[in-house]
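Enquirer: Output the structure for:
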Amino acid sequence: VYRINWSKARARRDRWKEEVSLVRHEMLRIRLQFEYHKNMWEKRALQSPEPGKEAYAKKQMGLWNDFAKKA
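Expert: Reported below is the predicted structural model:
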């Protein structure tokens, strides 16, 4: 009985270790994706000849930057 409980506990621990590793990796990918979008909007803001489009691009850039900081 003790060996069965020990085996179950060990398997549960191993699953949690794997889950923690996956979540950390996922959070890294999300932060990188947010930074990619921020950089994309920054390029659009610099290339935009119209002030309205530039303002919108800067707003989007700030939004994605906030997401990246919070991630």
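Enquirer: May I have the phi/psi pair for the residue most central in space within the chain?
Expert: Closest residue to the average C-alpha location of the chain: residue 30 at 1.7 Å, with C-alpha atoms, centre = their mean. According to degrees, to the nearest 10, the main-chain angles of residue 30 amount to phi -60, psi -40.
Enquirer: Identify the residue nearest it in space, chain neighbours excluded?
Expert: Ranked by C-beta to C-beta, 6 or more residues apart in numbering and with sequence neighbours excluded, the top spatial neighbour of residue 30 is residue 71, at 5.4 Å. From N, CA and C alone the C-beta is placed, and that goes for glycine too.
Enquirer: Repeat that for residue 57.
Expert: residue 45 (3.7 Å).
Enquirer: OK, contacts around the one you found?
Expert: Neighbouring residues of residue 45 by C-beta atoms under 8 Å, 6 or more residues apart in numbering: 54, 57, 58, 61.
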